[in-house]
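Participant: The following block contains a protein sequence and its predicted model.
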Amino acid sequence: MKAVIIDDEKRARHLLSSLIKEHCPLITALHEAQDLKSGVALIKEVKPKIVFLDIEMPEESGLSILDYFSETIDFEIIFVTAYNHYAIDAFKLSAIDYLLKPIDVLELKAAIIKASKAIENNNTNIQLQKLRESLKQLAIDKIALEVPKGILFASHDDIVLFEADGMYTNVILKNSKPKIICKPLKHFVEQLSNNTLFFKCHRSYLINLKYVDELIKEDGDYLVMSTKKRIPISKSKKEQFLAIIKETFL
């Protein structure tokens with residue numbers, strides 16, 4: 001059975017390749033690619049039955065592989081990733097498997113057996129549809145935050161605020177340490193434009209209204225968040241804020 005490994009890290013590719021060659025005799029031929037574009041070309045050339053796919057790569061996310069195969073695929077996808085539990089919850093919704101780095105040999109062997117059984121049962125395209133549906137559902141109430149070791153899928157309800165930091169954005173989460181994201185605040189303002197709970201109260205802040213504790217009118221108006229952080233509110237935004245509060249909560 002042929003397999004393709006797509007991962008931008010050479011060391012990670014070679015490590016996975018070594019584990020497969022040593023412990024997984026079901027895989028008889030292995031090919032490697034360092035980015036998604038060359039990986040897709042390799043898939044179309046060698047026609048593997050299993051693709052081990054890294055998620056977070058510099059040029060293009062592994063999740064974009066679905067864009068290259070619009071209707072059908074004839075291979076199984078096993079994500080190999082440093083994702084945390086947010087992403088794992090997402091992929092549990094589908095029949096597609098995943099492996100967390102550092103890779104556990106027993107989990108690797110189990111994933112390959114699961115993939116081979118799916119191939120035998122000829123339900124690969126059912127799995128593709130399930131993955132599409134899972135990602136679509138995930139997008140409804142979660143947002144993708146590109147952190148250094150992968151992508152954090154955070155629930156909208158867990159986000160307290162976004163704070164601009166030049167071309168970066170600090171994301172304050174309810175029960176986690178702040179995250180620095182390599183995206184400008186504008187990116188999140190546009191992404192959450194249809195979510196009425198998020199309000200851009202200042203050029204540097206996008207806040208979740210459910211975490212606003214108080215509006216203070218002294219030394220310039222500002223909002224006190226549940227984290228006790230004080231957020232300025234622009235004069236031009238004050239009336240809009242009061243109108244939204246009245247419509248949403250009163």
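Facilitator: Thanks, I have it.
Participant: Buried residues, stretch 230-239. List them.
Facilitator: 231-234, 237 (16 or more other C-beta atoms under 10 Å). (Glycine included, C-beta is placed from N, CA and C.)
Participant: quick check, nearest of these to residue 43?
Facilitator: Distance ranking of those against residue 43, using C-beta to C-beta, places residue 231 first at 47.3 Å.
Participant: any chance of the buried residues of stretch 230-239 in CSV, plus pLDDT, secondary structure and distance to residue 120?
Facilitator: Converted to CSV, the buried residues of stretch 230-239 look like this (pLDDT from 0 to 100; DSSP: H, G, I helix; E, B strand; the rest coil; distance: C-beta to C-beta, whole Å):
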residue, pLDDT, secondary structure, distance to residue 120
231, 94, strand, 56
232, 93, strand, 61
233, 93, coil, 60
234, 90, coil, 61
237, 88, helix, 59
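Participant: now, which of the residues you listed sits nearest residue 199?
Facilitator: Checking the buried residues of stretch 230-239 one by one against residue 199 (C-beta to C-beta), the nearest turns out to be residue 237, at 7.9 Å.
Participant: Surely that closest one touches residue 202?
Facilitator: Yes. Using C-beta atoms under 8 Å, residue 237 makes contact with residue 202 at a distance of 6.9 Å.
Participant: what residues are up against the closest residue to residue 231 other than its chain neighbours?
Facilitator: Counting by C-beta to C-beta, 6 or more residues apart in numbering, the nearest residue to residue 231 once its immediate chain neighbours are dropped is residue 223, at 4.6 Å. Listed by C-beta atoms under 8 Å, 6 or more residues apart in numbering, the contact partners of residue 223 are 201, 207, 212, 214-216, 230-233.
Participant: what bridges to residue 223?
Facilitator: residue 215, residue 231 (DSSP bridges).
Participant: how close does residue 239 get to residue 119?
Facilitator: Remark: distance between residue 239 and residue 119 (C-beta to C-beta, to the nearest Å) = 60 Å.
Participant: That should have said residue 151, apologies.
Facilitator: 27 Å.
Participant: These two: who's more crowded?
Facilitator: It is residue 151, of residue 151 and residue 119, that has more neighbours when counted by other C-beta atoms under 10 Å, with 20 against 16.
Participant: Would you confirm that the more buried one contacts residue 55?
Facilitator: Yes. With contact defined as C-beta under 8 Å, residue 151 counts as touching residue 55 (6.1 Å).
Participant: Tell me, how many residues neighbour the nearest residue to residue 114 once chain neighbours are set aside?
Facilitator: Residue nearest to residue 114 in three dimensions, not counting chain neighbours: residue 97, with 5.6 Å by C-beta to C-beta, 6+ apart. Applying other C-beta under 10 Å, we find 21 residues neighbouring residue 97.
Participant: Just the residues contacting the one helix or strand residue 107 maps to, thanks.
Facilitator: Residue 107 is located in helix 105-120, with elements delineated by DSSP states H and E. Contact with helix 105-120 is made by 1, 16, 19-20, 23-24, 26-27, 49-50, 76, 78, 95, 97-100, 124, 127, as judged by C-beta under 8 Å, 6+ apart.
Participant: Please repeat the previous calculation with a cut-off of 6 Å.
Facilitator: Outside of helix 105-120, the residues within contact range by C-beta atoms under 6 Å, 6 or more residues apart in numbering are 19, 23-24, 26, 49-50, 76, 78, 97, 99.
Participant: how near is residue 154 to residue 62?
Facilitator: Remark: distance between residue 154 and residue 62 (C-beta to C-beta) = 19 Å.
Participant: Looking at these two, which one has more neighbours?
Facilitator: residue 62 (24 against 20).
Participant: State the pLDDT value of that one.
Facilitator: Predicted confidence (pLDDT) for residue 62: 78.
Participant: pretty sure it is touching residue 52, no?
Facilitator: No. Between residue 62 and residue 52 there is no contact under C-beta atoms under 6 Å: 9.9 Å.
Participant: Lovely, talk soon.
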